[in-house]
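In: Starting from these lines, generate the structure:
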Amino acid sequence: MLWAGQSGAAYAAPHVVQKGETLSDVALRYGTTTSALARANGISNPNFVLAGSTLTIPSGGGSAPTSTGGSSHTVQAGETLWDLARRFGTTVDALASANGIANPNLVVAGTTITISGGGGAGSGSTSGGSTSHTVRSGETLSDIAARYGVSVSSLARANGLSNPNLVVSGTSLSIPSGGATVTTGGAPAPTTTQVSSSEIGYLLEQEALSNGVSTSLVKAVAYQESGWQPHVVSSAGAIGVMQVMPDTADWVNQVLLGGTSLDVRNAHDNIKMGVSYLRYLLSIMPTQEKALAAYYSGPGNVGSSLHNYQRVYVDAVLAHTSRF
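Out: This next block holds a predicted model:
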């Protein structure tokens, strides 16, 4: 059934926003774009949508596709090849190859592209107990970290990458162990809660607002640390979405939160502790950059100028803020 909008254009049936949903989640579900959805509903800030709101869905979408065999798609304004690869369960490289796209960063609205299966976000292999991954066109280090359940920082360290924002297509990366399923050596267990990425986004927003910290900065830190994965445990023992160390969690519980008993393995508690700690660092460090460096390596390790590894981390976080 279609509904007439104010301009006379046809619209699909309305959608009531559920708790934890983002505008991009709704757009993905109905096969439209975030920008089109925002325009259709007069939303000035696409990063903010209230649960319970009724959204008008622009026509031309429908339920998100579940198969990739032989279908086609007309590119909508604002869509990227990465958006389409994620939506159709394929890879940027597979889409580019199937459609003769020389530059995966450039795709023209109105173009009809063939959707081809990609078998996942890249190619990986296991040999002798170690895992390697060959970087595909369009992949970022954060994408690869999310796929294998490790943190961006541990992946960068394992491969001697000084700039996590630069990874070359065709490079073979070594995937460090001790990511999502650390079970030996007395290491902390991964988080016990099962939550979706949209719920993670909602929790990050709520804690950012509660603590008076920039939402985009909080989301960027969480993305750099874990790719928004609640189950990640680093080789150093940092846990969850915000990659909180157990000792830091104890200190935050006792000092910053007044004797609470939040569980670092619980996604909501983990985010609450991580954002509280970030707020504290922003209040005691002279600049935002030094506060971020302190989050990464501890305030005692931040001097008058940032070390190279701290600068790399800070630049990566700041680059991520534009996404949120």
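
In: There's contact between residue 40 and residue 54 in this structure, I believe.
Out: No: with contact defined as C-beta atoms under 8 Å, residue 40 does not reach residue 54; the gap is 11.9 Å. Every C-beta, even on glycine, is put in place using the N, C-alpha and C of the backbone.

In: which one of those two has more residues nearby?
Out: residue 40 (20 against 9; other C-beta atoms under 10 Å).

In: And the pLDDT at the more buried one?
Out: The model reports residue 40 with a pLDDT of 82.

In: From residue 17, how far out is it?
Out: 14 Å (C-beta to C-beta, to the nearest Å).

In: Are there residues contacting both of the two? Which ones?
Out: Common neighbours of residue 40 and residue 17 (criterion: C-beta atoms under 8 Å, 6 or more residues apart in numbering): residue 55.

In: Count the neighbours of the residue lying closest to residue 74 once chain neighbours are set aside for me.
Out: Using C-beta to C-beta, 6 or more residues apart in numbering and skipping the chain neighbours, the partner closest in space to residue 74 is residue 112 (5.0 Å). Using other C-beta under 10 Å, residue 112 has 9 neighbouring residues.

In: Please apply the same query to residue 283.
Out: Residues near residue 283, counting by other C-beta under 10 Å: 9.

In: same check, this time on residue 135
Out: Residue 135 has 20 nearby residues by other C-beta under 10 Å.

In: hang on, it packs against residue 171?
Out: Yes: using C-beta under 8 Å, residue 135 is in contact with residue 171, at 4.7 Å.

In: So for stretch 152-168, mean pLDDT?
Out: 73.

In: can you tell me the distance between the two ends of it?
Out: 15 Å (C-alpha to C-alpha, to the nearest Å).

In: That one: which residues count as buried?
Out: If you call a residue buried by 16 or more other C-beta atoms under 10 Å, then stretch 152-168 has these buried ones: 152-157, 159, 161, 164, 167.

In: Among those residues, which one lies nearest to residue 282?
Out: residue 153 (20.0 Å; C-beta to C-beta).

In: for whatever helix or strand the closest one lives in, packing partners?
Out: Taking DSSP states H and E as the definition, residue 153 sits inside helix 152-158. Using 3 or more C-beta pairs under 8 Å, 6 or more residues apart in numbering; DSSP states H and E, the elements in contact with helix 152-158 are helix 141-148, strand 172-175, helix 215-226, helix 308-321.

In: which neighbours does the second one have in its sheet, and in what orientation?
Out: As defined by DSSP bridges, the strand partners of strand 172-175 come to strand 130-134 (antiparallel).

In: Buried by neighbour count: which residues of the partner strand qualify?
Out: 131, 133.

In: Could you count how many residues lie near the residue nearest to residue 113 when sequence neighbours are not counted?
Out: Sequence neighbours aside, residue 99 is the residue nearest to residue 113 in space, at 4.6 Å (criterion: C-beta to C-beta, 6+ apart). Residues lying near residue 99 (other C-beta under 10 Å) number 16.

In: Would you mind naming the helix or strand containing residue 249?
Out: helix 246-251.

In: what domains does the record give for the protein?
Out: Following automatic domain parsing, one gets these domains for the chain: 2-58, 72-114, 123-324.

In: and the end-to-end length of the second one?
Out: To tie it back to what came earlier, the one meant is domain 72-114. 4 Å.

In: dump the residue contacts of residue 284.
Out: 291, 299.

In: please renumber so the chain begins at 25
Out: Sure, I'll start counting at 25 from here, so that last one is residue 308.

In: pLDDT on stretch 277-296, on average?
Out: If you average the pLDDT over stretch 277-296, you get 91.

In: List the buried residues for it?
Out: Buried-residue list, stretch 277-296, by 16+ other C-beta under 10 Å: 277, 281, 286-296.

In: Pipe those into a markdown table and attach secondary structure and distance to residue 315 per row.
Out: As requested, these are exported to a markdown table (DSSP: H, G, I helix; E, B strand; the rest coil; distance: C-beta to C-beta, whole Å):
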| residue | secondary structure | distance to residue 315 |
| --- | --- | --- |
| 277 | helix | 21 |
| 281 | coil | 19 |
| 286 | coil | 21 |
| 287 | coil | 25 |
| 288 | coil | 21 |
| 289 | coil | 25 |
| 290 | coil | 25 |
| 291 | helix | 23 |
| 292 | helix | 23 |
| 293 | helix | 22 |
| 294 | helix | 19 |
| 295 | helix | 18 |
| 296 | helix | 18 |
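
In: which one of those residues is nearest residue 225?
Out: Using C-beta to C-beta, these come closest to residue 225 at residue 295, 10.4 Å.

In: I'd say the closest one and residue 228 touch.
Out: Yes: if you go by C-beta under 8 Å, residue 295 and residue 228 touch, sitting 6.0 Å apart.

In: No further queries at this time; thank you.
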